[in-house]
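> Here is a sequence with its predicted model. Questions after.
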Amino acid sequence: MNFAQGIPFALLQFLFLVHCTCLDTISITQPLRDGDVLVSNGETFALGFFSPGKSKYRYVGIWHHKIPEKMVVWVANRDNPINDTSGFLSIDTHGNLVLLFDNNYQTVRVWSTNASALPTNEYSVAQLLDSGNLVLLQNESKTLLWQSFDYPTDTMLANMKLGLDRKTGLNWFVTSWKSKDDPSVGNYTFEHERGWKQYGSVPVEPCDQYGHCGEFGLCDPNDKTEFECTCLPGFEPKSHSEWRFRGCARKPGSLIYSKGEGFVKLENVKVPDTSKVVVLSGLSLEAYEKLCMRSCNCTAYASADISEGGSGCITWHGNLMDTRIYTGAGQDFYIRVDEQKKKRIPRGKLEESRTHPDLPFVDIRTLTAATNNFSATNMLGEGGFGSVYKGQLINGQEIAVKRLSKHSGQGMQEFKNEVTVIAKLQHRNLVRLLGCCIHKEEKMLIYEYLPNKSLDYFIFDVTRRSHMDWNKRFKIVNGIARGILYLHQDSRLKIIHRDLKASNVLLDASMNPKISDFGMARMFGEDQIQANTKRVVGTYGYMSPEYAMQGLYSTKSDVFSFGVLLLEIISGRKNTKYINGSHFPNLIGHVWELWNEERVLDIVDPALCQPFSTDEVSRCIHIGLLCVQEAATERPTMSDVIFMLANETTLPPPKTPAFTFQSTESPKSISGGAVSLNRVSITTLEAR
């Protein structure tokens, strides 16, 4: 190359160097201007001015130096861009790194670090490390004053941290760009949650905590509700509002040294605190019972060695602390009580006290707090005997609180009845009662919370019933039938519900039906067939004719109500609502009319879109008509109903149903049109 040829090339190199100067540090005398680049020592990262995408604004950022496509990993002034190329990055007189630009001959600060001011005789420098970290250092000591890793933008680099630095108070997190052309703070942030997340704990369950239920308390971890604490036999809470903390005391009038006393055996128990017990050996348990009885201070005893062939006895004298149930692993424990406390409460009888042997008592303050003071926003609905509120206990469990109206027809007797009946029932298609509360004139029942409200909320609403396809409806029908069968036949008690209707069938999150409201339920003896009452209480349209007219009720009364409910589920109509064009004033009569005209599928809910099995629907209508026969003896049992729902056997033809009287003014009367009007005087009839 001759000299003349080399001049243009050298000139180009010179011009390039003038346009883009590569620096290694920024100091008070050597700023970084728009067009200059600060490159890390290993040429891994670069710092400079850039405009993202189609943007005309200028930003200071860090990017990968050797990747052709500029991949920005950090932006200094992401929310404060510069609108021209007059910007420069420098060190001010206080030692901070600052971003400035010229505006009408005035220098404007856009961004700066927040490092502490340096002494007047010292200065700082900024350097870009090969890690991508921009650091501000004290020049002489190289002490770190500030670093970009403490203020990440949208990219995590090696050795960066996320979370809270409890020493400095810095919170490390990354936030997305608003768009590819705008690096300002976007809509998404990745950061550690402020708070602790529990992965495990010791103790695992509340009963593992020493003395969780207080003195003379018994902790049962198998109780899945909030109420794992009860009192030992012969004891009651010292305080109904805070008894967990204060424990239990012997019931008034029950003295352990009275003449009529004995011992109650508790099974599967982890015995109380043994730090102050007396251990004896050489005698039988019967002998130790007599020994304990002779001592006025002996409160309980248990075997000292529960292994096979073991012997010895432990006796407690004084308070009993930290007693709990250990299913399958505990031992027999004998607690001393007054003789009258050993007598069992007769089946079906609820004590006049505020507690029930099969059900936890809940304090009024707990329910007030759970329901936000029974606010209107927490109300789920109103029934015949009061209002129902949604609540949340302190452990997060959701509940439904049935608050009986002081002026309702359900008095103490109905309240006791509902508690006594449902406390003994356990079935997947019956609502679960968790507890009760009696406070002065207030009476409340606490149930499991079911999020989908009641059946009538869906099937009688024009919009919501469109979400109830036939499979859902048939599943609900079968669930209701199984729940009634359990009441009539499979439970420990034979129970007649007497108020089965769409609003008393609740639906859980999976749309499984659960029968509720047992205030009117009655228990039957094993061989009892029917009973009668002068106080007929029920819901018009669901009551069987023999109950409505004569006060007679039996399992067949519930079958009648089920038949009405079945026809309502299929049609989406209430039994008591008149249907245009029908010669009958109710749903039962209209279905019977269509049955005789062989047009029974006309009753099917128009919202019940195809495809569905017309044979299955026709069969259910047939079963519904069999259930609403006028004579109770003509109706099937609930076991028959479940068999008919599950099998394609031949069904008997239905006879004229009850309450199917026609209008005498209609010129078109069907053959065999029936009149079913019984005139019987009733002492009291209360509709709900």
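Yes, it's here.
> What residue, apart from its backbone neighbours, is nearest F149 spatially?
Excluding its sequence neighbours, the residue lying closest to F149 (CB to CB, 6 or more residues apart in numbering) is N133, at 4.7 Å. Every C-beta, even on glycine, is put in place using the N, C-alpha and C of the backbone.
> What's the local residue count around that neighbour?
N133 has 21 neighbouring residues, counting by other CB atoms under 10 Å.
> I'd assumed W146 was in contact with it.
No: N133 is beyond contact range of W146, at 10.6 Å (criterion: CB atoms under 8 Å).
> one step back: pull the contacting residues for the residue nearest to F149.
N133 sits next to Q147, S148, F149, L157, N159 when contact means CB atoms under 8 Å, 6 or more residues apart in numbering.
> and the nearest residue to the fourth one once chain neighbours are set aside, how far is that from G61?
Counting by CB to CB, 6+ apart, G132 is the residue found nearest to L157 once chain neighbours are left out, at 4.7 Å. Plainly put, G132 is 11 Å away from G61 if you go by CB to CB, to the nearest Å.
> Looking at those two, which one has more neighbours?
It is G132, of G132 and G61, that has more neighbours when counted by other CB under 10 Å, with 24 against 21.
> Quick one: residues contacting the more buried one.
S40, T44, F45, I62, V73, W74, S148, L157.
> try R58
Contacts of R58 (CB under 8 Å, 6+ apart): D34, F49, F50, S51, P81, I82, N83, D84, T85, G87.
> how about 7 Å then?
D34, F49, S51, P81, I82, T85, G87 (CB atoms under 7 Å, 6 or more residues apart in numbering).
> Out of those residues, which end up buried?
D34, F49, P81, I82, G87 (16 or more other CB atoms under 10 Å).
> Throw these into a markdown table and include secondary structure, distance to T299 and pLDDT, thanks.
Output for those, formatted as a markdown table (DSSP: H, G, I helix; E, B strand; the rest coil; distance: CB to CB, whole Å; pLDDT from 0 to 100):
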| residue | secondary structure | distance to T299 | pLDDT |
| --- | --- | --- | --- |
| D34 | strand | 88 | 95 |
| F49 | strand | 85 | 96 |
| P81 | coil | 80 | 95 |
| I82 | strand | 84 | 95 |
| G87 | coil | 85 | 94 |
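> okay, among those, which ones form the most distant pair?
D34 and P81 (12.2 Å; CB to CB).
> What's the local residue count around T633?
T633 is flanked by 6 other residues according to other CB under 10 Å.
> Are we agreed that it is in a helix?
Yes: counting by DSSP: H, G, I helix; E, B strand; the rest coil, T633 is part of a helix.
> how much space between the residue nearest to it when sequence neighbours are not counted and G312?
Leaving aside its sequence neighbours, T633 sits nearest to K556 (CB to CB, 6+ apart; 7.6 Å). Distance of K556 to G312, given as CB to CB: 60 Å.
> pLDDT below threshold where in the stretch 501-650 of the chain?
Along the stretch 501-650 of the chain, segments meeting pLDDT under 70 span 525-538, 578-582.
> And the helices in it?
545-550, 555-571, 587-596, 614-627, 638-646 (DSSP state H, counting those that start in this stretch).
> again with the chain
Counting by DSSP state H, residue ranges of the helices within the chain are 3-19, 243-246, 285-294, 364-370, 412-423, 455-459, 470-485, 545-550, 555-571, 587-596, 614-627, 638-646.
> Enumerate every residue touching the most centrally placed residue in the chain.
Residue closest to the average C-alpha location in the chain (CA atoms, centre = their mean): E398, at 5.1 Å. Shown in contact with E398 (CB under 7 Å, 6+ apart): K390, Q392, Y449.
> can you do 10 Å?
When the contact criterion is CB atoms under 10 Å, 6 or more residues apart in numbering, the partners of E398 are A370, K390, G391, Q392, E448, Y449, L450, P451.
> Equivalent analysis for F101, please.
34, 58, 77, 82-88, 107-110.
> now, the most widely separated pair of these?
Spatial extent of the contacts of F101 (CB to CB) is set by the pair T85 and R109 at 17.3 Å.
> was I right about S571 contacting N586?
No: between S571 and N586 there is no contact under CB atoms under 10 Å: 11.5 Å.
> out of the contacts of N133, which are buried?
Neighbour counting by 16+ other CB under 10 Å classes Q147, S148, F149 among these as buried.
> Quick check: chain neighbours aside, which residue is closest to V277?
Looking at V277 with CB to CB, 6+ apart, the closest residue is I314, at 5.0 Å.
> Would you mind measuring from that neighbour to Q331?
Counting by CB to CB, the gap from I314 to Q331 is 10 Å.
> between those two, what contacts are shared?
The contact lists of I314 and Q331 share V271, A302, S303, D305, where a contact means CB under 10 Å, 6+ apart.
> sorry, back to before: in a markdown table, list the contacts of N133 along with distance to N297 and pLDDT.
Output for the contacts of N133, formatted as a markdown table (distance: CB to CB, whole Å; pLDDT from 0 to 100):
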| residue | distance to N297 | pLDDT |
| --- | --- | --- |
| Q147 | 71 | 94 |
| S148 | 74 | 95 |
| F149 | 70 | 95 |
| L157 | 73 | 94 |
| N159 | 69 | 90 |
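> just curious, which of these is nearest to R482?
Of all these, R482 sits closest to L157, with 62.0 Å by CB to CB.
> give me phi/psi at that closest one?
Main-chain dihedrals, L157, degrees, to the nearest 10: phi -110, psi 160.
> List the contacts of it.
Neighbouring residues of L157 by CB under 10 Å, 6+ apart: F45, I62, V73, W74, S131, G132, N133, S148, F149.
> thinking the last one is in contact with W74, fair?
Yes: in this structure F149 lies within contact range of W74 using CB under 10 Å: 8.8 Å.
> what do these two both touch?
Contact criterion CB under 10 Å, 6+ apart; residues shared by F149 and W74: G132, N133, L134, L157.
> Would you point out the most distant pair within those?
Within these, L134 and L157 form the most distant pair, 11.3 Å apart (CB to CB).
> intersection of neighbour lists for these two?
F45, I62, W74, S148, F149.
> Which of those fall in strands?
Applying DSSP state E to the shared contacts of L134 and L157, the entries found in strands are F45, I62, W74.
> With distance to Q426, pLDDT and neighbour count added, can I get the residues you listed in TSV?
Output for those, formatted as TSV (distance: CB to CB, whole Å; pLDDT from 0 to 100; neighbours: other CB atoms under 10 Å):
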residue	distance to Q426	pLDDT	neighbour count
F45	68	96	24
I62	66	97	26
W74	63	97	23
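> so who does P513 touch?
428-431, 450, 452, 454-455, 475-483, 505-507.
> For it, list each beta-bridge partner.
Per DSSP bridges, the residues bridged to P513 are L507.
> hang on, the earlier thing: between the contacts of N133, which is nearest F415?
Taking the contacts of N133 together and measuring to F415 by CB to CB, the closest member is F149, at 66.9 Å.
> Let me know the distance separating the closest one from L128.
To L128, F149 is 12 Å away according to CB to CB.
> E205 too?
To L128, E205 is 55 Å away according to CB to CB.
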